[in-house]
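*Asks:* okay, here's the prediction I keep looking at, along with the sequence it came from:
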Amino acid sequence: MARESFAIAVHGGAGAIPRTAMTGELEAEYRSGLLAALQSGHAILSAGGSSLDAVEAAVICLENNILFNAGRGSVFNHAGTHEMDASIMRGDTLQAGAVAGVSGVQNPIALARAVMEKTGFVMLCDSGAEEFARQLNMSFKPDTWFYSEFRHQQWKVAVAREETLLDHSKLETGTVGAAALDGKGNLAAATSTGGLTNKRWSRIGDSAIIGAGTYANNRTCAVSCTGYGEFFVRTVAAHEISCLMEYKGLSLDSASDAVLHQVAALGGSGGVVAVDRTGNIFTPFNSEGMYRGWQREGEPAQVRIYAEL
Ligand code: ASP
């Protein structure tokens, strides 16, 4: 079988810090965080590894980075705690795994993968998911590890204003995700988040829902979404992009734009990172910015935050 050229795209959330509030130092930190995630996935792909391993590694890198709203650095819910969602999917077998509303787990994306590979189910939630992680001896961290002063301030403002905030929008946050194609032609996608600041406890967003925030299918594409999750659930966004390609013959770009228009028409905002089965990459968004990066085989890594080309 002919070898495919590999490709990977990552995101650190839609709705970046407004340009006017971004300092040079902070921007450099975001860029290096995205680059590190891209490099961890790219290293796996260039060594002949799978897209599944690559997207998991890239997302773990971002989960461990306190700047992004996933794992460490997750936003606070209304109760002042962290509840995280994550999901992962492989495009060859359509196997998928997800966790919803988990606390204390260092890397929710690794737990989502374990659900996919070890349970025969697709999704586990809150205490049952945490118990499963303990059975697997996965790493747990105390509340202090997830705490970030920045998120805490953001939460206090949101509580005072009685608002539920998208990660980076009026204030700032940042779900993370990745989509990749490997040298064998297999696609995979992964997404992980702390959700929306001041969200109601037990609220589950698109990042935990296969088809909404995450989808991969070797016939079409791999997609990871970020934005106001309810709109991505209602449009079944990631799966819809795949369907527009498969059943209407749209390109990755046209299908992604069409779905983001659907999201916007309902009043939502956000973006996606998507890779198709031939290695095309598209990273559209309708928020002020989206932390994002991508790399194709033999080409330099690219990292962007705002609408610059
Ligand atoms: N989509 C995530 C959610 O609604 C939030 C984000 O992308 O920042 O939970």
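*Replies:* Cool, got the structure. Quick caveat, the model's predicted, so the values are computed rather than measured.
*Asks:* strands of the stretch 51-200 of the chain, start to end?
*Replies:* Secondary structure of the stretch 51-200 of the chain (DSSP state E, counting those that start in this stretch): strands at 84-90, 96-102, 123-125, 176-181, 187-193.
*Asks:* export those strands to TSV and tack on mean pLDDT and distance to residue 141?
*Replies:* C-beta here means a position set from N, CA and C on the backbone, and glycine is covered the same way. Shown next, in TSV, are the strands of the stretch 51-200 of the chain (pLDDT from 0 to 100; distance: least, CB to CB, whole Å):
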stretch	mean pLDDT	distance to residue 141
strand 84-90	98	11
strand 96-102	98	12
strand 123-125	98	19
strand 176-181	98	17
strand 187-193	98	15
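*Asks:* out of those strands, flag the one nearest the ligand.
*Replies:* Proximity of these to the ligand was assessed by CB to the nearest ligand atom; the nearest stretch is strand 187-193, lying at 4.7 Å.
*Asks:* which SSE is immediately downstream of the closest one?
*Replies:* Moving toward the C-terminus from strand 187-193, the next helix or strand (DSSP states H and E) is strand 214-216.
*Asks:* residues from the protein in reach of the ligand?
*Replies:* 13-14, 69, 166-167, 173, 175, 193, 195-196, 205-207, 226-229 (CB under 6 Å from any ligand atom).
*Asks:* need the winner for burial among the strands of the stretch 51-200 of the chain.
*Replies:* Mean neighbours per residue, mean count of other CB atoms under 10 Å, is largest over the strands of the stretch 51-200 of the chain for strand 176-181, with a mean of 36.
*Asks:* could you list the low-pLDDT ranges of the stretch 151-300 of the chain?
*Replies:* For the stretch 151-300 of the chain, the stretches flagged by pLDDT under 70 are 163-173.
*Asks:* tell me where it has helices.
*Replies:* 229-234, 237-248, 252-265 (DSSP state H, counting those that start in this stretch).
*Asks:* got these as JSON lines, with mean neighbour count columns?
*Replies:* Output for the helices of the stretch 151-300 of the chain, formatted as JSON lines (neighbours: other CB atoms under 10 Å):
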{"stretch": "helix 229-234", "mean neighbour count": "22"}
{"stretch": "helix 237-248", "mean neighbour count": "21"}
{"stretch": "helix 252-265", "mean neighbour count": "19"}
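*Asks:* for residue 306, find the nearest of these.
*Replies:* For residue 306, the closest of the helices of the stretch 151-300 of the chain is helix 252-265, at 16.6 Å, according to CB to CB.
*Asks:* which residues does whichever strand or helix holds residue 28 contact?
*Replies:* Applying DSSP H and E as the criterion places residue 28 in helix 24-46. For helix 24-46, contacts defined as CB atoms under 8 Å, 6 or more residues apart in numbering pick out 6, 8, 10, 12, 16-17, 50-51, 53-55, 57-62, 65, 67-68, 176, 178, 180, 182-183, 291-295, 297, 301, 303, 305.
*Asks:* chain center to it, what's the gap?
*Replies:* 15 Å (CA atoms, centre = their mean, to the nearest Å).
*Asks:* okay, buried residues for that helix please.
*Replies:* Using 16 or more other CB atoms under 10 Å as the test for burial, helix 24-46 gives 30-31, 33-42, 44-46.
*Asks:* just the CA coordinates of it, formatted as CSV?
*Replies:* What follows is helix 24-46, C-alpha atoms only, in CSV (Å, rounded to 0.1, in the frame of the first residue of the first chain):
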residue,chain,number,x,y,z
GLY,A,24,4.4,39.9,24.0
GLU,A,25,5.5,37.6,26.8
LEU,A,26,2.2,35.8,27.1
GLU,A,27,1.9,35.4,23.4
ALA,A,28,5.3,33.8,23.3
GLU,A,29,4.2,31.4,26.1
TYR,A,30,1.0,30.4,24.1
ARG,A,31,3.0,29.9,21.0
SER,A,32,5.6,27.7,22.6
GLY,A,33,2.9,25.7,24.3
LEU,A,34,1.2,25.0,21.0
LEU,A,35,4.5,24.3,19.3
ALA,A,36,5.5,21.8,22.0
ALA,A,37,2.1,20.0,21.5
LEU,A,38,2.6,20.0,17.7
GLN,A,39,6.1,18.6,18.1
SER,A,40,5.1,15.8,20.4
GLY,A,41,2.5,14.6,17.9
HIS,A,42,4.8,15.2,14.9
ALA,A,43,7.6,13.2,16.5
ILE,A,44,5.3,10.2,16.7
LEU,A,45,4.1,10.5,13.1
SER,A,46,7.5,11.0,11.7
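*Asks:* where's residue 11, which helix or strand?
*Replies:* strand 7-14.
*Asks:* neighbouring strands for that strand, and are they parallel or not?
*Replies:* Each strand paired with strand 7-14, and its direction, by DSSP bridges: strand 176-181 (antiparallel), strand 290-296 (antiparallel).
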